[in-house]
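**Q** sharing a model that was predicted from the sequence below.
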Amino acid sequence: MRKPSVVCPLCENMQDLSEIAGPDQRVYYECGNCRLIFTAPDSLPSVEAEEKRYLQHNNGLHHRGYLKFLSRAVDAAEPFLFKGAIGLDYGCGPSPSLSVLLKRHGVDCADYDPIFFPEQPAGPFDFVFATECFEHFFSPAEELVNLNQLLRPGGFLVVMTSLWNSQKAFRNWSYARDYTHVSFYHAKTFNYICSHFGFRLAGGDRKRLIILQKV
């Protein structure tokens with residue numbers, strides 16, 4: 001049974017929430033309205049804990065595996081990019097790398113991270129990359145409103161986050177073991193996002209990569 005004070009942080013639903021089992025001791029809820037799985041508010045990490053965890057990541061221009069991972073997003077978005085486009089890496093982490101890759105494509109990209117680069121550029125942007133940051137959102141609805149406002153009409157939002165597909169698989173999902181991962185999206189969650197936050201689905205594999213266009 002859900003706690004009366006629990007509210008879905010994406011659709012604000014309070015009625016159709018189910019407590020489900022996850023791979024650790026945290027409490028998780030699945031929203032029957034938008035299909036978001038999220039951790040209970042008292043399970044959210046502190047800013048200090050988040051920063052400590054992010055600094056442990058072996059990311060950056062020196063790490064070939066990480067650059068190969070980021071290249072998947074750049075390659076998928078390439079049909080939507082153009083020389084002279086201006087973009088933003090939203091949640092770039094302590095070692096910005098995506099902006100460097102994009103410059104090789106003749107595209108300028110600014111960096112933003114709420115912890116490491118907290119001064120958010122104003123925009124509007126032709127594109128925004130959000131690679132491996134959607135799962136860290138405490139308040140997905142607020143973040144999506146912000147992301148939409150950062151984009152010009154017709155601009156693209158490139159998202160990389162692993163999608164869940166069943167409660168059974170979620171119970172043993174290693175992706176959910178990271179204590180900084182607090183919001184988990186189903187393919188149907190992105191249908192909800194499109195219909196309520198001013199986007200349309202423009203591409204991706206609907207497994208880990210989703211490209212949205214601002215309408």
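**A** Right, received. Where do you want to start?

**Q** helices and strands around whichever strand or helix holds Ala73, which ones?
**A** Using DSSP states H and E, Ala73 maps to helix 64-77. Using 3 or more C-beta pairs under 8 Å, 6 or more residues apart in numbering; DSSP states H and E, the elements in contact with helix 64-77 are helix 98-103, strand 125-131, strand 151-160, strand 199-204, strand 209-214. No exception for glycine: its C-beta is placed from N, CA and C like everyone else's.

**Q** that one to strand 151-160, inter-axis angle?
**A** With axes from the mean of the first three to the mean of the last three C-alpha atoms, to 10 degrees defining the directions, helix 64-77 sits at 140 degrees from strand 151-160.

**Q** and the angle for helix 64-77 with strand 199-204?
**A** 120 degrees.

**Q** can you tell me which of the helices and strands packed on helix 64-77 is nearest to Phe117?
**A** Closest approach to Phe117 among the helices and strands packed on helix 64-77 (C-beta to C-beta): helix 98-103, 10.6 Å.

**Q** now the element after the closest one, going C-ward?
**A** strand 108-112.

**Q** so what touches that following strand?
**A** 85-92, 96, 98-99, 102-103, 117-121, 125, 129 (C-beta atoms under 8 Å, 6 or more residues apart in numbering).
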